[in-house]
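Engineer: Task: produce atomic coordinates for the following.
(one chain, ligands or ions: 1)
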Amino acid sequence: MTYQGVLSKYGGLLDLPPHTSASAVSLLEGNTPLIRADNLARRLGGGFELFIKYEGLNPTGSFKDRGMTAAVSEALGRSALSVICASTGNTAASAAAYAARAGMKSVVLIPQGKVAAGKLAGAAAYGAKVIQIEGSFDDALTMVIEISNKHPICLVNSINPYRIEGQKTAAFEICDVLESAPDWLCLPVGNAGNITAYWAGFKQYDKLKSTGLPQILGVQAAGAAPLVLGHTVENPETVATAIRIGRPARAEQALQAAQESNGRIIAVTDQEILNMQKMLAELEGIWVEPASAAGLAGLALEIAAMAFNPRGKRIVAVCTGHGLKDPEAITDRMSAPWVVPPKLAALEEIILG
Ligand code: F0G
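Structural biologist: Numbers count the residues shown, from 1 in each chain. Here you go, the predicted structure:
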């Protein structure tokens, strides 16, 4: 049978109300590739298997689509007319796309001036009402919670339990491809919905199919690392704007996932994130947005610090969003391209000379 999206493939394993499946709103999200990254593994010292779960290949360019198909299908199933979310950009684009397909209105609140170009453009293209808040993501989240409590607008942030249900499917896919859970799973952590979803998914699959459990390495940006610091961060700042979050909604569940899995949550600097973004693109041909390189940057740090020995291990790094989401992360830092007159001699001089 042709692939029809994560609800169709794994709906039976998701805790969704019965009205959800009848109204499935899908863009055939999920089924993303698990790509072996031998060049990068070698660069990090070798002796282990490394796979990239390339979530940037979802329909709107990020993993959010897995949860959004569930949340919007549920909302449509009870005839909701509109959805709302706070977002650093990817949730906004995803909510807007699925709402458009469902014939619903979408409203997205974003922190002013802190959303990457490809995400803002996406939200606008899909027809969302885009509202910039003179504040942080955390301020925006507080506001959408308040307004959705007061008015019949469906909240589709990852506080919505159906988002988590949908995002569990990434863990199922990894286990299906590897025929077991990996030894380690590394991923970036912002509002902490995704780490919560992965851990729930792995636990469920292990009960069902004895696939085993990974140790989870959650990685925050150093300027936005409340889970590492042990307290909220009032003014989070990082080049990885997707995870520029100081008060994660699912902080406790994230810490629990790290603890129960015998893993940990660590922080990496912006420079480490950008270095890894470049390394992944140049060694493997996989270009991800800065936040999406954080998991791998954390892995590199752990290996370099000999915090754990990767030898013989199978490691999956989740790359959550496509590089095209944030072109300026590259173009702002690159040296200007060569300019030559349209003459063969000039071209030869640059290429051969
Ligand atoms: N990576 C990317 C590319 C993201 O967009 C996000 C979150 C994360 C990682 C972290 O996931 O929040 O579940 O811990 N982006 C949200 C948004 C906050 O609004 O798009 P998380």
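
Engineer: quick one, phi psi at Leu185?
Structural biologist: Taking degrees, to the nearest 10, you get phi -120, psi 120 for the backbone angles of Leu185.

Engineer: next one: the one 4 residues further on
Structural biologist: Here is the backbone geometry of Val189 (degrees, to the nearest 10): phi -130, psi 130.

Engineer: Let me know how buried it is, in neighbour terms.
Structural biologist: 35 (other Cβ atoms under 10 Å). For every residue, glycine as well, the C-beta is placed using N, CA and C.

Engineer: hang on, it packs against Ala249?
Structural biologist: No - using Cβ atoms under 8 Å, Val189 makes no contact with Ala249, being 11.7 Å away.

Engineer: which SS state does Ile52 fall under?
Structural biologist: Of the three states, Ile52 takes strand under DSSP: H, G, I helix; E, B strand; the rest coil.

Engineer: What ranges does the stretch 251-353 of the chain have for its helices?
Structural biologist: Using DSSP state H, counting those that start in this stretch, the helices assigned to the stretch 251-353 of the chain run over residues 251-260, 270-284, 294-304, 328-331, 344-352.

Engineer: Just the CA trace of the shortest one, in PDB.
Structural biologist: So that's helix 328-331. Written as PDB, here are the backbone C-alpha positions of helix 328-331 (Å, rounded to 0.1, in the frame of the first residue of the first chain):
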ATOM      1  CA  GLU A 328      21.200  33.500   6.800                       C
ATOM      2  CA  ALA A 329      22.900  31.300   9.300                       C
ATOM      3  CA  ILE A 330      25.200  30.500   6.400                       C
ATOM      4  CA  THR A 331      25.100  33.600   4.200                       C
END
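
Engineer: which parts of that helix are buried?
Structural biologist: 329-330 (16 or more other Cβ atoms under 10 Å).

Engineer: same deal with stretch 318-336?
Structural biologist: Of the residues in stretch 318-336, those buried (16+ other Cβ under 10 Å) are 318-323, 325-326, 329-330.

Engineer: Over to stretch 19-33?
Structural biologist: 20-21, 24-27, 29-30, 32.

Engineer: Likewise for stretch 337-349?
Structural biologist: So for stretch 337-349, nothing qualifies as buried (16+ other Cβ under 10 Å).

Engineer: Next up, phi/psi of the closest residue to Gly47 other than its chain neighbours, please.
Structural biologist: Excluding its sequence neighbours, the residue lying closest to Gly47 (Cβ to Cβ, 6 or more residues apart in numbering) is Arg311, at 4.5 Å. Taking degrees, to the nearest 10, you get phi -50, psi 130 for the backbone angles of Arg311.

Engineer: With Gln215 instead?
Structural biologist: Torsion angles at Gln215 (phi, psi; degrees, to the nearest 10) stand at phi -90, psi 140.

Engineer: okay, the residue nearest to it when sequence neighbours are not counted: pLDDT?
Structural biologist: Excluding the flanking residues, the one nearest Gln215 by Cβ to Cβ, 6+ apart is Gly263, at 4.1 Å. Predicted confidence (pLDDT) for Gly263: 98.
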